[in-house]
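1. just to be clear, the model below is a prediction. Sequence and coordinates:
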Amino acid sequence: MTIRLKGCWARDMLVIIADDDEDWKDSAVRWLKSTTETSNVDARHYAQPSDLIEALQKHEFDRESAKVVFLDLEFSNLGCSGLETLQVLKEHVDEHIRSIPVIIYSRSDSEEEVSKSYASKANSYVHKGSTSKRQKKIFIDTVRFWMETAKLPS
């Protein structure tokens, strides 16, 4: 699913959401649409880690646009965790895929999972927050950081 938002930031960005929680994905897309600053953001959603990896390997995305992946740690009944997906992405033979920032975006704030994520080369670990209002603020602030502050490879 791709949502194209027209807009005001100098660079376009692709936000890739890898999460099997449809409600959370719908909220994230709604938050992006409602936030003026994120108006030149494309959002793509993958409910299965294997679909995300396949899309990246097939170069389904414009290699010139900046990208970030929001990757959930828990995928129910899919046989592949977010941590395993992170490891595949960060050990990939294609340097372009390895260089895409991956933000672990999880409901868990377990120190063990945080440590494992960074050890597996996550670029950031963000706790989703406990309320919808908090989740929106955290998500939009994180997207803003990667669009406004961070220098990303193209």
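-> Looks like it arrived, so ask away. Numbers count the residues shown, from 1 in each chain.

2. compute the first-to-last residue distance for stretch 118-130.
-> 22 Å (CA to CA, to the nearest Å).

3. pLDDT averaged over that stretch - what is it?
-> For stretch 118-130, mean pLDDT is 92.

4. swap in stretch 28-45?
-> 76.

5. show me which positions of it end up buried.
-> For stretch 28-45, a neighbour-count test (16 or more other CB atoms under 10 Å) marks Ala28, Val29, Trp31, Leu32, Thr35, Thr38, Asn40, Val41, Asp42, Ala43, Arg44, His45 as buried. Where you see a C-beta, it was placed from the backbone N, CA and C, and this is true even at glycine.

6. go on, stretch 43-63?
-> Buried, per 16+ other CB under 10 Å, within stretch 43-63: Ala43, Arg44, His45, Tyr46, Ala47, Pro49, Leu52, Ile53, Leu56, Phe61.

7. pick the one among those closest to Ile104.
-> Pro49 (12.8 Å; CB to CB).

8. isn't that closest one up against Cys80?
-> Yes: using CB atoms under 8 Å, Pro49 is in contact with Cys80, at 4.6 Å.

9. any idea which of the buried residues of stretch 28-45 is closest to Asp12?
-> Asn40 (5.0 Å).

10. pull the contacting residues for Thr24.
-> Wrong residue type there; residue 24 is Trp, not Thr. Contact analysis of Trp24 by CB atoms under 8 Å, 6 or more residues apart in numbering lists Asp72, Lys128, Gln135.

11. let's go with 10 Å and repeat that
-> Counting by CB atoms under 10 Å, 6 or more residues apart in numbering, Trp24 touches Ile17, Phe70, Asp72, Tyr105, Arg107, Lys128, Ser132, Gln135, Phe139.

12. need the residues touching each of Pro49 and Cys80.
-> Val88.

13. filter the buried residues of stretch 43-63 down to just the ones in helices.
-> Mapping the buried residues of stretch 43-63 onto helices (DSSP state H) picks out Pro49, Leu52, Ile53, Leu56.

14. so which strand or helix has the residue most central in space within the chain?
-> Residue closest to the average C-alpha location in the chain (CA atoms, centre = their mean): Phe70, at 1.7 Å. Assigned by DSSP states H and E, Phe70 belongs to strand 66-71.
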